[in-house]
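# sequence and predicted structure below; questions after.
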Protein chains: 2
Amino acid sequence: MTDEPLVLPPGIDLLWGRRTSGSRGPKPGLSVGVIVTAAISIANAEGLAAVSMARVAKAVGFTPMSLYRYVSNKDELLQLMWNASADGIADFELEGADWRARLSHWAMKQREVIESNIWIVQMPMATPPLAPNSVRWIEYGLEALDGTGLGDGDKMRILGLVSSHALISARMAFDARQAVAGTGKQQLDYTAVLRELVEAEDYPQLHRVVWSGEADDEEPGGDPIEEFRFDLELILDGIEARIGH
Amino acid sequence: MTDEPLVLPPGIDLLWGRRTSGSRGPKPGLSVGVIVTAAISIANAEGLAAVSMARVAKAVGFTPMSLYRYVSNKDELLQLMWNASADGIADFELEGADWRARLSHWAMKQREVIESNIWIVQMPMATPPLAPNSVRWIEYGLEALDGTGLGDGDKMRILGLVSSHALISARMAFDARQAVAGTGKQQLDYTAVLRELVEAEDYPQLHRVVWSGEADDEEPGGDPIEEFRFDLELILDGIEARIGH
DNA sequence: CGAAACTGTATATGGGCTACACTGAATCCC
DNA sequence: GGGATTCAGTGTAGCCCATATACAGTTTCG
């Protein structure tokens, strides 16, 4: 309970407004917000790989090194982008009569945010969710599960499970799109490739699946949103079983 | 049904033994296997970030460029590593009387493999699973779900869901360990940080969770395996509900 | 014996992050 | 007001990375 300095992960202090700066010297010509916005712009337009310090600096009209006055390194910039991508979350309104509808809504919204900032799926995972928007989001999730009788630990784990699945789902959809819109190359047809590689005697189960009609799986035809909903419903069923009702 | 060349993703042709090489010229002093083994060694010892072409080349005693005679680029090397990490999977024996026990066993084994090649969690996701070991693994998964009456598409999606969760679970455990064993810095106590940041009036739910005793969540104390099992059971419950019995 | 094919190397290009030293401007304090 | 302090932005340079290209040396085939 002593008032120790409390080390925060990089960028977190800045996000929570805990990084102070003196009043001497020239006025800053730039701001963290401007930098992060520019970086997100680039990421949305050209993918996360296109986000380099030099590239961002050019976008805001400064030299690369100037960015380091606002952001201590690139990793921190990435964290800030991740948080900023969820700006506007404060306006989120939890909808639904029961926990199931609410959590479903919560999950779909999360996937939506990821989808509209698709570079998120290329982000290296880092610290646990400590950014303000993440915390806010967890708060909403807990609210959705309020009154279910679940323990706190269970609630948190369930939210983690659902969140991580929203991310995975978006990533898989993204990968599928990439494969199709590849470098002008022939479309990567997952099923066709498997049909070529999978011999009946070595892989009886998979061979049957791949040659049966139904296996339109990873293909662009299958609606990723529907697939996500499938998984989500399955998880929700699991939660329901856990709640015991 | 024509016999078109069928473009395979990078590395996949090599993995399935479909890359031929002439017999002229000097005998190779190196092999893909040696390179991949060395790369995995480095990744296990120092993390995936330490795996660079130069680093691997030094490990095998050749110049960096020599590796390109065996591997067409770094990305391909990563795919080969990913596949090689699951070598030995052929000996896997599916255990369990019913599908639930079998799938559970399947999932736990998968997490185990990831855990013992923990750099996998740092890998950029790429193509859908087409490497031999991945395909073999799916085969086992289908076998586990055999006789459940589930449709092929559902089976595949369920396997994807469980797999992705094994990966996420391992990643979260890894991140937690990282946070603790950080750069000699003070341990990042998730709960403590949240207690500092989360105000009761702004985040009533989370505030309560964080200040209640139970919230020993992301902490090293909580056994990651147990947490994985929790999520897994939840998913299994969902599947059971789906099967309708 | 060429000619062809192949291995491994050396060199060089272009990109990345960021430490460091520096200039000049704004502010504070005496 | 004037010096000291603090800070913004720049330029340079170091080090790492992946890999294209050209080449030297070696093996095999016709």
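Cool, got the structure.

# now do the contacts for the closest residue in space to residue A:160 that isn't next to it in sequence.
Spatial nearest neighbour of residue A:160, chain neighbours left out: residue B:172 (7.4 Å); criterion: Cβ to Cβ, 6 or more residues apart in numbering or on different chains. Placement of C-beta: from N, CA and C, glycine included. Residues in contact with residue B:172 (Cβ atoms under 8 Å, 6 or more residues apart in numbering or on different chains) are A:128, A:160, A:164, B:218, B:224.

# what about residue A:20, neighbour count?
Residues within reach of residue A:20, counting by other Cβ atoms under 10 Å in any protein chain shown, total 7.

# element containing the residue nearest to residue A:160, please.
Under the criterion of DSSP states H and E, residue B:172 resides in helix B:152-180.

# after that helix, which helix or strand is next?
Counting by DSSP H and E, the next helix or strand C-terminal to helix B:152-180 is helix B:190-197.

# could you measure from the residue nearest to residue A:160 over to residue A:156?
To residue A:156, residue B:172 is 12 Å away according to Cβ to Cβ, to the nearest Å.

# same question for residue A:47.
32 Å.

# which one of these two is surrounded by more residues?
Set residue A:47 next to residue A:156 and count neighbours by other Cβ under 10 Å: residue A:156 wins out with 22 against 13.

# give me the pLDDT value at that one.
If you check residue A:156, the pLDDT there is 93.

# before we move on, what about residue A:14?
You'll see residue A:14 listed with a pLDDT of 87.

# next one: residue A:244
Residue A:244 carries a pLDDT value of 81.

# that one and DNA strand D, how far apart?
Distance, residue A:244 to DNA strand D, using Cβ to the nearest atom of the strand, to the nearest Å: 52 Å.

# what residue ranges in chain A are flagged as low confidence?
A:1-7, A:126-127, A:179-188, A:214-221, A:245 (pLDDT under 70).

# quick one: the helices in it?
Counting by DSSP state H, chain A has helices at residues A:12-15, A:32-46, A:53-60, A:74-84, A:99-115, A:132-144, A:152-180, A:190-197, A:204-211, A:224-243.

# switch these over to TSV; also include distance to residue B:27.
Conversion of the helices of chain A to TSV gives the following (distance: least, Cβ to Cβ, whole Å):
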stretch	distance to residue B:27
helix A:12-15	55
helix A:32-46	44
helix A:53-60	44
helix A:74-84	44
helix A:99-115	50
helix A:132-144	55
helix A:152-180	37
helix A:190-197	29
helix A:204-211	37
helix A:224-243	49
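
# out of those, which is closest to residue B:29?
Taking Cβ to Cβ, helix A:190-197 is the member of these nearest to residue B:29, at 30.4 Å.

# for the closest one, which positions count as buried?
A:190, A:192, A:193, A:194, A:197 (16 or more other Cβ atoms under 10 Å in any protein chain shown).

# and the residues you listed, which two are furthest apart?
With distances taken as Cβ to Cβ, the most widely separated pair in these is A:190 and A:197, at 10.8 Å.

# against DNA strand D, how distant is the residue nearest to residue A:160?
The value you get for residue B:172 to DNA strand D, if Cβ to the nearest atom of the strand is used, is 26 Å.

# for residue A:239, which non-adjacent residue is closest in space?
Nearest residue to residue A:239 in three dimensions, chain neighbours excluded: residue A:158, at 6.0 Å (Cβ to Cβ, 6+ apart).

# contacts only, for that neighbour.
Applying Cβ under 8 Å, 6+ apart to residue A:158 gives the contacts A:145, A:150, A:239, B:234.

# residue A:230 against residue B:156, yeah?
No: if you go by Cβ atoms under 8 Å, residue A:230 and residue B:156 don't touch, sitting 11.0 Å apart.

# circling back to that earlier point, and of the helices of chain A, who's closest to residue B:12?
Nearest of those to residue B:12, taken as Cβ to Cβ: helix A:190-197 at 7.7 Å.

# up against DNA strand C, what does chain A have?
Residues of chain A found near DNA strand C (Cβ under 7 Å from any atom of the strand) are A:23-27, A:51-55, A:64-65, A:68, A:73-75.

# got a winner among those residues for most neighbours?
The member of those surrounded by the most neighbours (other Cβ under 10 Å) is residue A:51, with 22 neighbours in all.

# from what I see, that one and residue A:41 are in contact.
No: taking Cβ under 8 Å as the definition, residue A:51 is not a contact partner of residue A:41, at 9.5 Å.

# report how many residues lie close to the nearest residue to residue A:199 once chain neighbours are set aside.
Using Cβ to Cβ, 6+ apart and skipping residues adjacent in sequence, the residue nearest residue A:199 is residue A:207, 6.9 Å away. By other Cβ under 10 Å, 18 other residues sit near residue A:207.

# likewise the one 3 residues further on?
Per other Cβ under 10 Å, the neighbour tally for residue A:210 reads 23.

# give the contact list for it.
Residues near residue A:210 by Cβ under 8 Å, 6+ apart: A:191, A:194, A:195, A:198.

# repeat that for residue A:138.
Residue A:138 sits next to A:129, A:156, A:159, B:206 when contact means Cβ under 8 Å, 6+ apart.

# excluding chain neighbours, what is closest to the last one?
Which is residue B:206. Of all residues not flanking residue B:206 in the chain, residue A:139 sits nearest, at 4.8 Å (Cβ to Cβ, 6+ apart).

# tell me how far the one you found lies from DNA strand C.
32 Å.

# with residue A:159 instead?
To DNA strand C, residue A:159 is 31 Å away according to Cβ to the nearest atom of the strand.

# hang on, isn't that residue packed against residue A:139?
No: applying Cβ under 8 Å as the test, residue A:159 and residue A:139 come out as separate, 10.1 Å apart.

# more neighbours, the two?
The residue with more neighbours, out of residue A:159 and residue A:139, is residue A:159; 22 against 18, by other Cβ under 10 Å.

# now for the closest residue to that one other than its chain neighbours: which residues touch it?
Once flanking residues are discounted, residue A:159 sits nearest to residue A:141: 4.2 Å by Cβ to Cβ, 6+ apart. Residue A:141 sits next to A:103, A:106, A:155, A:159, A:162, A:163 when contact means Cβ under 8 Å, 6+ apart.

# how much space between residue A:213 and chain B?
9 Å (Cβ to the nearest Cβ, to the nearest Å).

# please read the previous query as pertaining to residue A:37.
24 Å.

# next one: residue A:104
13 Å.

# my guess is that residue contacts residue A:236. True?
Yes: in terms of Cβ under 8 Å, residue A:104 counts as a neighbour of residue A:236; the distance is 6.5 Å.

# residue A:239 against residue B:231, yeah?
No: assessed by Cβ under 8 Å, residue A:239 is found out of contact with residue B:231, at 10.8 Å.
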